[in-house]
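1. okay, predicted coordinates and the sequence, questions at the end:
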Amino acid sequence: MTQELDDSPRHWCFGCGKLNTEGLGIDFAVDGTRVEGRFMTRDSHQGYPGVTHGGIAATAMDEAMGWAMYAAGAWAMTAKMEVKYRKAIPLNEELVVTAGVVRDRGRMLEAVAEIRSLAGVRLAEAKALFVRLPRDREQQLQEFFLGEGSPA
């Protein structure tokens, strides 16, 4: 049975939203404080001919690290991100993006992510610094994504 999605803005996220036909549509699985998702590169993601634009890779890893923040119990936003591209990222291929929080410094958190081909070839990696949101903003986002009356 397929669940019907409402038209809530939470389903329009460029990285993971199921209603955003222009987005990546990454479907994440959470395992403790690590996340893994799959997405398909498309012709509309092209940078150089036949190669996915680096911004698409950066977006996928940023999204994965954001999900890792949530998995670690933190509502946080990216403050700084460094990306290393290891190989050209092909178009029209399914890719795997993984991420995890590696250090919790209180207000700041550090995360890492990578994109691999289905064959396991590392294509790109990133590390980022995230900053926790103020308590009132955290509550707003919790209600937005999880519904009214969600525990903070």
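-> Perfect, thanks for sending it.
2. is the spatially most central residue of the chain in a helix, a strand, or coil?
-> Residue closest to the average C-alpha location in the chain (C-alpha atoms, centre = their mean): Glu63, at 1.7 Å. Put simply, Glu63 is helix when judged by DSSP: H, G, I helix; E, B strand; the rest coil.
3. gap between it and Ala99?
-> 8 Å (C-beta to C-beta, to the nearest Å). Placement of C-beta: from N, CA and C, glycine included.
4. contact partners for the closest residue to Arg34 other than its chain neighbours?
-> Leaving aside its chain neighbours, Arg34 sits nearest to Gly100 (4.2 Å; criterion: C-beta to C-beta, 6 or more residues apart in numbering). Residues near Gly100 by C-beta atoms under 8 Å, 6 or more residues apart in numbering: 33-35, 68, 111-113.
5. ok, these vs Ala79, which is closest?
-> For the contacts of Gly100, the closest approach to Ala79 (C-beta to C-beta) belongs to Ala111, at 11.0 Å.
6. quick one: distance of the helix or strand hosting the closest one to the chain centre.
-> Taking DSSP states H and E as the definition, one finds Ala111 inside strand 108-117. Chain-centre distance of strand 108-117: 9 Å, with C-alpha atoms, centre = their mean, to the nearest Å.
7. next SSE after it?
-> Defined by DSSP H and E, the subsequent element after strand 108-117 is strand 122-132.
8. what's that following strand in contact with?
-> Against strand 122-132 from outside (C-beta under 8 Å, 6+ apart): 54, 57-58, 61-62, 65-66, 69, 74-89, 95, 106-117, 138.
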